[in-house]
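>>> Build me a structure from this.
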Amino acid sequence: MPDAAFTDLTNHFLIAMPGMRDATFAHSVVYLCEHGEDGALGLVINKPSDLDMGDLFARVDLSLGRADLAHQPVFHGGPIQVERGFVLHDVMPTEEFEPADAVKREPGVTEAPTPYASTLAIPGGLEMTTSRDVLEALAQGAGPRRIQVMLGYAAWAGGQLESELAGNAWLTVAADPDVIFDTPIEQRYDRALALLGVHAWLLSPQAGRA
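Numbering: from 1, shown residues only. All right, here's what the predicted structure looks like:
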């Protein structure tokens, strides 16, 4: 709908409607890291893989220095680049870090000071890091207090997400980090719906938006 006003859903949850047939996204909650007229990028926050953080660190030849994370699952973040890790985490304090002018940052990442080489600062929300240095910080017992590691991500071309929203494939609501980091995995879908004041049993596969 080219004449419709664009609504930026960055830092929002996409909540799959019951009629979602795609196995990757059925009963999923997606955290949108980027959304613009050219498309969107998000991470599924409630689909754990068979790996935990201890397994992941062994695979990348690091020792995990954070006992609190040893048994935390690694998640299926989406169907694209499933061999690549994406670390969603709390915003790191930047006052003690100077911009690293000598570091060549990847296209699209923030230019703000950050302890990591490749971090996307999500406006109003969290940070998402794709460089190995965040794992190295965790190996040293440091790093962000709350993190979730995903393999792969979800993406939509320009207008694709808007089309799916118009077709009632998703509900949307402003994201709450506590749903991502502090809610048991099996409860995240219902907790995300609760942000809208909606219960899953009220939704019909053919229903419109709540």
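>>> Report the central residue of the protein.
Leu43 (3.4 Å; CA atoms, centre = their mean).
>>> which residues in this structure form strands?
Here the chain has its strands, by DSSP state E, at 12-16, 29-36, 39-44, 48-52, 73-76, 80-89, 119-121, 127-129, 147-157, 170-174.
>>> Might you report the residue contacts of the residue nearest to the residue nearest to the centre of the chain when sequence neighbours are not counted?
Using CB to CB, 6 or more residues apart in numbering and skipping residues adjacent in sequence, the residue nearest Leu43 is Gly77, 4.3 Å away. For the C-beta atoms, the positions are set from N, CA and C on the backbone; glycine is no exception. Contacts for Gly77 (CB atoms under 8 Å, 6 or more residues apart in numbering) come out as 43-44, 86, 150-154.
>>> right, and the pair among the residues you listed with maximum separation?
Leu151 and Ala154 (12.1 Å; CB to CB).
>>> ok so, going back, distance to Ala166 and pLDDT added to the contacts of Gly77, as a markdown table?
Formatted as a markdown table, the contacts of Gly77 follow (distance: CB to CB, whole Å; pLDDT from 0 to 100):
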| residue | distance to Ala166 | pLDDT |
| --- | --- | --- |
| Leu43 | 23 | 98 |
| Val44 | 21 | 98 |
| Phe86 | 28 | 98 |
| Met150 | 27 | 98 |
| Leu151 | 30 | 98 |
| Gly152 | 26 | 98 |
| Tyr153 | 23 | 98 |
| Ala154 | 18 | 98 |
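>>> Ok, which of the strands of the chain comes nearest Leu64?
Short answer: strand 48-52, nearest of the strands of the chain by CB to CB, at 9.7 Å.
>>> Can you name the residues that contact the spatially closest residue to Thr10 that is not a sequence neighbour?
Closest residue to Thr10 apart from its sequence neighbours, by CB to CB, 6+ apart: His35 at 4.7 Å. His35 sits next to 8-10, 12, 41, 161 when contact means CB under 8 Å, 6+ apart.
>>> change it to 10 Å
Listed by CB atoms under 10 Å, 6 or more residues apart in numbering, the contact set of His35 reads 6-12, 14, 41-42, 156, 161-162.
>>> Just the CA atoms of stretch 143-162, as PDB, please.
Extracted as PDB, the C-alpha positions of stretch 143-162 are listed here (Å, rounded to 0.1, in the frame of the first residue of the first chain):
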ATOM      1  CA  GLY A 143      30.200  -9.200  29.100                       C
ATOM      2  CA  PRO A 144      26.500  -8.100  29.300                       C
ATOM      3  CA  ARG A 145      24.500  -9.100  32.300                       C
ATOM      4  CA  ARG A 146      21.600 -10.400  30.300                       C
ATOM      5  CA  ILE A 147      22.100 -12.100  27.000                       C
ATOM      6  CA  GLN A 148      20.400 -14.400  24.600                       C
ATOM      7  CA  VAL A 149      22.400 -16.100  21.700                       C
ATOM      8  CA  MET A 150      20.600 -17.000  18.500                       C
ATOM      9  CA  LEU A 151      21.800 -18.900  15.500                       C
ATOM     10  CA  GLY A 152      20.300 -17.400  12.400                       C
ATOM     11  CA  TYR A 153      17.800 -14.500  11.900                       C
ATOM     12  CA  ALA A 154      14.600 -13.600  10.300                       C
ATOM     13  CA  ALA A 155      14.200 -11.000   7.500                       C
ATOM     14  CA  TRP A 156      11.600  -9.400   5.400                       C
ATOM     15  CA  ALA A 157      12.000  -7.500   2.100                       C
ATOM     16  CA  GLY A 158      10.500  -4.100   1.700                       C
ATOM     17  CA  GLY A 159       6.700  -4.300   2.100                       C
ATOM     18  CA  GLN A 160       6.700  -8.000   2.900                       C
ATOM     19  CA  LEU A 161       6.100  -7.600   6.600                       C
ATOM     20  CA  GLU A 162       3.400  -5.000   6.000                       C
END
